[in-house]
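Engineer: Quick one: sequence plus predicted model below, questions after.
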Amino acid sequence: MLTGCLMICLFLQVAIDFTASNGDPRNSCSLHYINPYQPNEYLKALIAVGEICQDYDSDKRFSALGFGARIPPNYEVSHDFAINFNPDDDECEEIQGVVEAYQNCLPKIQLYGPTNVAPIISRIGKQAAGKEPIKDASKYHILLILTDGVVTDMADTREAIVRASYQPLSIIIVGVGNADFTDMQILDGDDGVLRSPKGEPVLRDIVQFVPFRDFKTASPAALAKCVLAEVPKQVVEYFSHKAIPPMNPVLDSTPSSIANTPD
């Protein structure tokens with residue numbers, strides 16, 4: 001249950017890692033294995049975490065992006081592409097729409113690399129900033145990144161997160177598979193303040209890392225608690241920094257609202 005809610009429109013964006021380190025989708029060992037009978041590791045994570053987050057999105061339409069693949073028609077490497085191949089409208093209807101776009105996209109692309117995360121963080125950070133000054137506490141963005149964990153552009157990613165910490169944005173990184181997630185723990189910043197390569201600290205701690213392997217047999221409630229643990233605090237810290245008062249409080253939580261503090 002969520003208490004002390006603020007009426008805030010949340011916008012969820014999903015970014016999926018299509019780098020070759022995930023393994024050939026035709027191979028049963030791949031995290032992107034194309035299996036007609038059961039979901040692969042990415043789909044399991046997307047569905048489990050996405051269904052938690054979608055209840056707090058205002059319109060149930062999600063921007064769905066990919067990175068690290070060669071994409072049609074020219075098969076050039078892209079670190080920021082719409083998985084429905086429509087750059088003018090990258091949104092999908094509910095998490096099921098993201099699942100369908102992912103399943104349609106996977107056979108058409110070539111997994112490649114490197115694992116550059118900074119371009120998508122920078123893109124969503126700019127979207128969150130908007131074109132006009134933010135005047136009220138009504139809109140906030142959440143970027144959900146699904147990755148196997150080995151970031152290639154660590155310096156640029158740290159810089160992008162520092163810049164994004166000044167915008168109405170939180171980042172949830174879900175580690176898929178059994179890779180070394182040391183980089184993700186660093187980005188999470190729980191063990192210390194994340195800094196840019198030049199030493200500039202983040203304004204707010206906006207990254208939450210969740211190793212999906214730790215929750216495969218856990219209850220949905222346990223996964224939800226971990227995924228959303230830091231978001232309410234991050235929302236409050238952003239609008240407090242901007243000295244923007246909350247919208248009128250409501251007594252009960254609704255799908256388009258988020259709490260000051262979790263129960």
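Structural biologist: Received the coordinates, thanks. Not measured: the values here are computed from a predicted model.

Engineer: model confidence over stretch 25-42, on average?
Structural biologist: Stretch 25-42 carries an average pLDDT of 94.

Engineer: wait, stretch 154-167
Structural biologist: Stretch 154-167 comes out with an average pLDDT of 97.

Engineer: Could you do stretch 244-252 as well?
Structural biologist: For stretch 244-252, mean pLDDT rounds to 55.

Engineer: Over to stretch 106-122?
Structural biologist: Average pLDDT, stretch 106-122: 97.

Engineer: now the helix or strand harbouring residue 10: how far from the chain's centre is it?
Structural biologist: For residue 10, the host element (DSSP states H and E) is strand 9-17. Centre-to-centre, strand 9-17 and its host chain are 5 Å apart (Cα atoms, centre = their mean, to the nearest Å).

Engineer: go on, stretch 38-53?
Structural biologist: Worked out by Cα atoms, centre = their mean, stretch 38-53 lies 13 Å from the chain centre.

Engineer: swap in stretch 215-224?
Structural biologist: From the chain centre to the centre of stretch 215-224 is a distance of 18 Å (Cα atoms, centre = their mean).

Engineer: mind listing the helices for the stretch 51-200 of the chain?
Structural biologist: 94-105, 118-129, 154-164, 182-188 (DSSP state H, counting those that start in this stretch).

Engineer: what would these look like in CSV with mean neighbour count?
Structural biologist: Bear in mind the C-beta positions are built from the backbone N, C-alpha and C, glycine included. Shown next, in CSV, are the helices of the stretch 51-200 of the chain (neighbours: other Cβ atoms under 10 Å):
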stretch, mean neighbour count
helix 94-105, 19
helix 118-129, 20
helix 154-164, 21
helix 182-188, 19
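
Engineer: so how far is residue 35 from residue 22?
Structural biologist: Noted for residue 22: a distance of 14 Å to residue 35, by Cβ to Cβ, to the nearest Å.

Engineer: between the two, who's got more neighbours?
Structural biologist: Per other Cβ atoms under 10 Å, whichever of residue 22 and residue 35 has more neighbours is residue 22, with 25 against 12.

Engineer: so what's the more buried one scoring on pLDDT?
Structural biologist: 96.
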